[in-house]
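**Q** Following is a predicted model, sequence given first.
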Amino acid sequence: MAMDKKIFTTPIIKANPITVLVLGICSALAVTVKLEPAIVMGISVTLVTGLSSFLISLIRKTIPNRIRIIVQLVVVAMFVILISEFLKAYVYDVSKQLSVYVGLIITNCIIMGRIEAFGLTEKPLPSLVDGLANGLGYGLILVIVAFFRELIGSGTIFGLQVIPQSFYEAGYMNNGLFIMPPMALILIGCLIWIQRSIQKEDDKK
Amino acid sequence: MDTNKNTYTVIYTIVMVAIVATILALVSMGLKDKQQTNIKVEKQMNILGCAGLAKDAKTVSDRNSYVQDEFKKYITEALVVNSDGEVLKSETENLDASDAFKVSTADQFDIIRKMEGLQDEAEKEKLAKQIQLPVFVCQTPEGGKNYILSGYGAGLWGPIWTYIAVKEDGKIAGALFDHASETPGLGGEIVTDKFRSQFTDKVVLEGGNIVPIIVVKGGGAKPQNNEINAISGATITSTAVQKMISNWMELYKPYLQKITSKTE
């Protein structure tokens, strides 16, 4: 199982779906204003990528090639609806916070991308690991971006105020730009920049 | 096996869809009760919350029964009134199944929207008569009475709604807002205490007339009188809140006049 470890670690940093493959940007801009929804979104996407890759890989030999995209869509949609239903029944508050974005997991390119690139050709277990790892890589970037946006945009972490009140009295103000989606794009851009410049040095060695 | 044959593809699709549909239907049926209780409890929590009650709902372990108990304790009467201020129905038992609790504010909002499109005053009157307005009477721990009014309107992406507790002197005791799909962190911020608390003690009715609540862009200037600071970055949601309140308060006006005149 030496190969499995690489499948798991590569997507998290080296081939991160957001910073390297630049997939799933849309939702990364939308749900990263606060940390809590970002984390739930990360977990949900991880589950969906993992499970749908696993299931598709299980039935990969039976899928007619001409309708494979439709089959993938149905499977992904099923898992997303299941997750949405369970969120509504057991963590109603969170499901409300994520509102439409849970449903929009279906359109997240990472999921279809991983199924096409990996799940359709590989065995179920590696597919599951690959899916989970890609979801985690996605979640990781979400959390990093959400951390900075919540800290600088609202002065809070997990809804708790971390910037002391005395700062505000001294004239410090929350940066409203961080609440806006464009700032998320700039932050992601910076992350891509940092990562590429580090990896470039690695490649030269 | 040849997976590219037409018959295989057709049968494959049918079987797949049937399986997925069954799974989803079963899960949906299994979780329905739980989801509906969640929705009901949330409504009760909102009704209580706007009057500043059921504060521990976020921390208690068994939230559902806590909220239901509190609701029984404090909400004494559920009324349905019309836009002339007449009480159509009044119930004091099993309030969580009362008509007022079941009135869909979304349906009433449809009528309001239809009214906006009409030019003819007589037609408007006719529609206004159809509107049913829920009122919950709340006996506060301090001994006063709060009248909890509802509101429903269109936000930026989807519906927004509100519960406003009005005291007998025509001032707001507390307000609560919620939304279906406003952007988290922007329009979604209308649910926060910071936004809500601005409404407390604002005057709704003075001398028999509705005092409009105005949402102003926050630019450091302190809002005056009946002004509320908008949420930065969420101008459309903020103005939607203003419009929703003015729409519904205008409908509640005759009833509000009744409750406030009782005390004078």
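**A** That came in fine, so what should we check first?

**Q** I'd like to know how many residues surround A:Ile192.
**A** A:Ile192 has 16 neighbouring residues, counting by other C-beta atoms under 10 Å in any protein chain shown. For glycine as for every other residue, the C-beta is placed from the backbone atoms N, C-alpha and C.

**Q** That one and A:Pro11, how far apart?
**A** Distance of A:Ile192 to A:Pro11, given as C-beta to C-beta, to the nearest Å: 15 Å.

**Q** now do A:Arg68
**A** From A:Arg68 to A:Pro11 the distance is 22 Å (C-beta to C-beta).

**Q** who's more crowded, those two?
**A** Between A:Arg68 and A:Pro11, A:Pro11 has the larger neighbour count (other C-beta under 10 Å), namely 28 against 16.

**Q** Now do the SS call for the more buried one.
**A** Secondary structure, DSSP: H, G, I helix; E, B strand; the rest coil: A:Pro11 is coil.

**Q** quick one: it and A:Asn134 touch, right?
**A** Yes - contact criterion C-beta atoms under 8 Å: A:Pro11 and A:Asn134 qualify, at 4.4 Å.

**Q** Need the overlap of contacts for the two.
**A** A:Pro17 (C-beta atoms under 8 Å, 6 or more residues apart in numbering or on different chains).

**Q** quick one: low-confidence ranges for chain B?
**A** Scanning chain B for pLDDT under 70 picks out the ranges B:1, B:184-185, B:218-223, B:262-264.

**Q** residues in contact with the residue lying closest to B:Ser246 once chain neighbours are set aside?
**A** Closest residue to B:Ser246 apart from its sequence neighbours, by C-beta to C-beta, 6 or more residues apart in numbering or on different chains: B:Pro212 at 5.5 Å. Contact analysis of B:Pro212 by C-beta under 8 Å, 6+ apart lists B:Asn226, B:Gln242, B:Ser246.

**Q** Give me the number of neighbouring residues for the first one.
**A** Residue neighbour count, defined by other C-beta under 10 Å, stands at 14 for B:Asn226.

**Q** So for stretch A:181-196, what gets flagged as buried?
**A** Across stretch A:181-196, burial judged by 16 or more other C-beta atoms under 10 Å in any protein chain shown covers A:Pro181, A:Met183, A:Ala184, A:Leu187, A:Ile188, A:Leu191, A:Ile192, A:Gln195.

**Q** Please read the previous query as pertaining to stretch A:112-130.
**A** A:112-115, A:118-120, A:122, A:124, A:126-130.

**Q** With distance to B:Asp62 and secondary structure added, can I get those residues in TSV?
**A** TSV is the format used below for these (distance: C-beta to C-beta, whole Å; DSSP: H, G, I helix; E, B strand; the rest coil):
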residue	distance to B:Asp62	secondary structure
A:Met112	41	helix
A:Gly113	43	helix
A:Arg114	40	helix
A:Ile115	41	helix
A:Phe118	44	helix
A:Gly119	41	helix
A:Leu120	46	coil
A:Glu122	45	coil
A:Pro124	40	helix
A:Pro126	43	helix
A:Ser127	40	helix
A:Leu128	36	helix
A:Val129	38	helix
A:Asp130	41	helix
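
**Q** which of these lies closest to B:Asp84?
**A** Nearest to B:Asp84 among the buried residues of stretch A:112-130: A:Met112, at 56.4 Å, using C-beta to C-beta.

**Q** State the distance from that closest one to chain B.
**A** Computed with C-beta to the nearest C-beta, to the nearest Å, the distance linking A:Met112 and chain B is 17 Å.

**Q** tell me the contacts of that residue?
**A** A:Ile69, A:Gln72, A:Leu73, A:Val76.

**Q** Just give me the neighbour total for residue 25.
**A** No chain in the question, so chain A it is. So A:Ile25, with other C-beta under 10 Å, has 16 neighbours.

**Q** you looked at the wrong chain, it should be chain B
**A** Residues lying near B:Ala25 (other C-beta under 10 Å) number 10.

**Q** neighbours around A:Glu36, how many?
**A** Using other C-beta under 10 Å: A:Glu36 sits among 18 other residues.

**Q** Correction: the previous question concerned B:Glu123.
**A** Neighbours of B:Glu123 (other C-beta under 10 Å): 12.

**Q** Close to chain B: what parts of chain A are there?
**A** Residues of chain A lying close to chain B by C-beta under 8 Å from any C-beta of the partner chain are A:30-31, A:33-34, A:37, A:61-67, A:70-71, A:74-75, A:78, A:81-82, A:85-86, A:88-90, A:92, A:97-101, A:149, A:153-154, A:176, A:179-180.

**Q** Those, buried ones only, as a ChimeraX selection?
**A** Buried members of the residues of chain A next to chain B can be picked out in ChimeraX with the line below, counting by 16+ other C-beta under 10 Å:
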select /A:30,31,33,34,37,63,64,67,71,74,75,78,81,82,85,86,88,89,92,97,98,99,101,149,153,154,179,180
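
**Q** related to what we said a few turns ago, of the buried residues of stretch A:181-196, just say which sits nearest to B:Lys32.
**A** Looking across the buried residues of stretch A:181-196 and measuring by C-beta to C-beta, the closest to B:Lys32 is A:Pro181, at 35.1 Å.

**Q** picking up where we left off before, tell me the spacing between the residue nearest to B:Ser246 and chain A.
**A** Distance from B:Pro212 to chain A, by C-beta to the nearest C-beta: 27 Å.

**Q** picking up where we left off before, list just the nearest of the contacts of B:Pro212 to B:Val17.
**A** For these, the nearest to B:Val17 is B:Gln242 (46.5 Å; C-beta to C-beta).

**Q** from memory that closest one sits against B:Lys217, does it?
**A** No - in this structure, B:Gln242 is not within contact of B:Lys217 by C-beta under 8 Å, at 11.8 Å.

**Q** neighbour-wise, which of the two wins?
**A** The neighbour comparison of B:Gln242 against B:Lys217 (other C-beta under 10 Å) goes to B:Gln242, with 17 against 13.

**Q** got the contact list for that one?
**A** B:Pro212, B:Ile213, B:Ile214, B:Val215, B:Ile228.

**Q** at 10 Å what do you get?
**A** B:Gly153, B:Pro212, B:Ile213, B:Ile214, B:Val215, B:Val216, B:Ile228, B:Ala230 (C-beta atoms under 10 Å, 6 or more residues apart in numbering or on different chains).

**Q** could you dump those to a markdown table with secondary structure?
**A** A markdown table is the format used below for these (three-state DSSP):
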| residue | secondary structure |
| --- | --- |
| B:Gly153 | strand |
| B:Pro212 | coil |
| B:Ile213 | coil |
| B:Ile214 | strand |
| B:Val215 | strand |
| B:Val216 | strand |
| B:Ile228 | strand |
| B:Ala230 | coil |
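
**Q** Span of stretch B:56-75 from start to end?
**A** Distance across stretch B:56-75, first residue to last, is 17 Å (C-alpha to C-alpha, to the nearest Å).
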